[in-house]
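Sequence and predicted structure, then a few things I'm wondering about:
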Amino acid sequence: MGKISVETCHIEGLKVITPQVFGDARGYFMETYNYNDYKEAGIDQVFVQDNQSASKKGVLRGLHFQINYPQDKLVRAIRGEVFDVAVDLRPGSKTYGQWYGVLLSEENKKQFFIPKNFAHGFVVLSDYAEFAYKCTDFYHPNDEGGLAWNDPQIGVEWPIPEGMELTLSDKDKKWGSFAEFTESRNK
């Protein structure tokens, strides 16, 4: 595991990965993914789909999850800077409903591993950002779920600078509360 370092947090399963970067006067080189290194770090998943998005400053995407086909995700900012968030939705988890966030940027080159049954979202802090992520299941458009990005019960502390206007999709403006999600899950 010499090519990556892995940090854990108070929510079991979440991992922040920092790859080893080899730089010189020409630029840099790094492995963005190596199955053997990730397996040794406890991330032994088979990724089946890669996605990439581009967003302007103030775009907030999330908080999203797949209901019946949950996905593990390995996410990173390849250009710009985002604040990335995961919310624990695992039934019976001691950290159910808690969130963790990490700054991902082209400068720090960090990656964030988010296991199945977490809601996920991010806000773009730079003028422009490109975001890439690997998934362990295919996207199923009829299987989308979401939570309100600003639900007070979850209490995500988004680092939104004063005066920055947020841009959300119509869908992201309509997601319900964590309490509604929990109630529907317990029926």
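Sure thing, it's come through. Since the structure is predicted, the reported quantities are computational estimates derived from the model, not experimental observations.

Please enumerate the helices of this protein.
Ranges of helices in the chain, per DSSP state H, are 35-40, 170-174, 178-185.

So what touches the longest one?
This means helix 178-185. Outside of helix 178-185, the residues within contact range by CB atoms under 8 Å, 6 or more residues apart in numbering are 87, 89, 91, 97, 145, 147-148, 151, 153-154. The way it works is simple: take the backbone N, C-alpha and C, and place the C-beta from them, glycine included.

Among the residues you listed, name the buried ones.
Among these, the ones that count as buried by 16 or more other CB atoms under 10 Å are 87, 89, 97, 145, 147-148, 151, 154.

Mind putting the residues you listed into a markdown table with pLDDT and distance to residue 60?
A markdown table is the format used below for the buried ones among the contacts of helix 178-185 (pLDDT from 0 to 100; distance: CB to CB, whole Å):
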| residue | pLDDT | distance to residue 60 |
| --- | --- | --- |
| 87 | 98 | 14 |
| 89 | 98 | 19 |
| 97 | 97 | 20 |
| 145 | 96 | 17 |
| 147 | 98 | 12 |
| 148 | 98 | 11 |
| 151 | 98 | 13 |
| 154 | 98 | 14 |
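
nearest to residue 131, of the residues you listed?
Nearest to residue 131 out of the buried ones among the contacts of helix 178-185 is residue 87 (CB to CB; 17.7 Å).

which residues touch the closest residue in space to the closest one that isn't next to it in sequence?
Among residues not flanking residue 87 along the chain, residue 119 sits closest, at 4.1 Å (CB to CB, 6 or more residues apart in numbering). Under the criterion of CB under 8 Å, 6+ apart, the neighbours of residue 119 are 62-65, 86-87, 89, 145-147.
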